[in-house]
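Trainee: got a sequence here, can you build the structure:
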Amino acid sequence: MNFLSIWNPLEFKWWGTGSSEVLDWIAKIEVRSTTNFNWTFIFILAVVFFIYGYNIYKKNWRIVKAGFALYAVHWLYEIMNAIVGHCALAPLWAVSNDSTTFILLIGVSWELSMMFSIAGMIAFMMLPKDPKAKWFKFKTKSGKKFDGISAKLCVAIGMALFFGLFETFLAATNGGQTFIWYYKWWGMLPVFLTTYIPFFLAAVYLPDIQSKKCKKLSTYVIGGMWVVVVILLATLIPCKII
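Mentor: Residues are numbered from 1 along each chain as shown. Here you go, the predicted structure:
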């Protein structure tokens, strides 16, 4: 039997279609509806609590900061996307009702959000112990040395590329109705460059930033982002903007 004849290769969607059908899908999205709620919601939350609790118990503060850093940037992006959806024809991305137990904002489900809550921790744990380590060092035949590329930058770009590629798969599932792209100019390349690279740069760089005057600068920067997130959510949700 030909293996290829029974294997359906993964499909990918590289750009939005701009079709009226997609606008109809988006119009049906019910943000913060409990219609599809089930108990996996609680289990996923418990897993995330365990992961953070374990790292706090072990005093892995840089890993915890990495998680909070990416998650804060994630929420800033989701708020921005929801505002775009309110003010323009459609959001940049959206999630469907039947793909989740709960939609937090138009572009993010509970499951996706919980994944992003630990994505920064995963990226940070991939780094070498030396914060200044470099990868891909080599010496040319002429004797010139290439000093390498920051390991942090490599991890950030690598993770961003992986997540961007995986999102093209999500955007193709269920005929494009699970994770929805509308705009023709929105797809893999802008997602990779403008979304996931900032996500993972925040995760790998922010936990270590400090200045001569402030060794806790990373804590203040990450905490400041979360203050902005809370203020925006507390303001925009009651106003029914997001």
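Trainee: hey, let's count contacts and neighbours off CA atoms from now on
Mentor: Will do.
Trainee: if you count neighbours, what's buried in the longest helix seen in the chain?
Mentor: Ranked by number of residues, the top helix in the chain under DSSP state H is helix 61-87. Of the residues in helix 61-87, 62-85 count as buried by neighbour count, 16 or more other Cα atoms under 10 Å.
Trainee: and it, what does it pack against?
Mentor: Counting contacts by 3 or more Cα pairs under 8 Å, 6 or more residues apart in numbering; DSSP states H and E, helix 61-87 is packed against helix 40-57, strand 103-105, helix 110-125, helix 197-205, helix 217-236.
Trainee: sheet-wise, list the partners of the shortest one with their directions.
Mentor: Sheet pairing here is set by DSSP bridges, and for strand 103-105 it gives strand 108-109 (antiparallel).
Trainee: the partner strand: how far from the chain's middle?
Mentor: Relative to its chain's centre, strand 108-109 lies at 11 Å (Cα atoms, centre = their mean, to the nearest Å).
Trainee: can you list contacts of it?
Mentor: The contact list for strand 108-109 (Cα atoms under 8 Å, 6 or more residues apart in numbering) reads 78, 94-95, 100-103.
Trainee: ok, so of these, who is nearest residue 184?
Mentor: Among the contacts of strand 108-109, residue 94 lies closest to residue 184 (Cα to Cα), at 14.4 Å.
Trainee: kindly state the beta-bridge partners for the closest one.
Mentor: Per DSSP bridges, the residues bridged to residue 94 are residue 180.
Trainee: distance of it relative to residue 197?
Mentor: Using Cα to Cα, to the nearest Å, one gets 20 Å for the distance from residue 94 to residue 197.
Trainee: who's more crowded, these two?
Mentor: It is residue 94, of residue 94 and residue 197, that has more neighbours when counted by other Cα atoms under 10 Å, with 27 against 21.
Trainee: can you give me every residue that contacts that one?
Mentor: Counted by Cα under 8 Å, 6+ apart, residue 94 has contacts 26, 106-108, 179-181.
Trainee: let's see if you can find the most crowded of those.
Mentor: residue 181 (30 neighbours).
Trainee: and that one, what is it in contact with?
Mentor: Applying Cα under 8 Å, 6+ apart, we find residue 181 in contact with 15-17, 22, 92-94, 171, 187.
Trainee: any idea how far residue 93 is from the closest residue in space to residue 77 that isn't next to it in sequence?
Mentor: Leaving aside its sequence neighbours, residue 77 sits nearest to residue 195 (Cα to Cα, 6 or more residues apart in numbering; 7.8 Å). From residue 195 across to residue 93, the span is 12 Å (Cα to Cα).
Trainee: how about the nearest residue to residue 167, chain neighbours excluded?
Mentor: Leaving aside its sequence neighbours, residue 167 sits nearest to residue 188 (Cα to Cα, 6+ apart; 7.5 Å).
Trainee: let me redo that: residue 86
Mentor: Spatial nearest neighbour of residue 86, chain neighbours left out: residue 241 (6.2 Å); criterion: Cα to Cα, 6+ apart.
Trainee: confirm the one you found sits in a helix?
Mentor: No. Residue 241 is assigned coil when assessed by DSSP: H, G, I helix; E, B strand; the rest coil, not a helix.
Trainee: wait, it sits on residue 85?
Mentor: No. Contact criterion Cα atoms under 8 Å: residue 241 and residue 85 do not qualify, at 9.0 Å.
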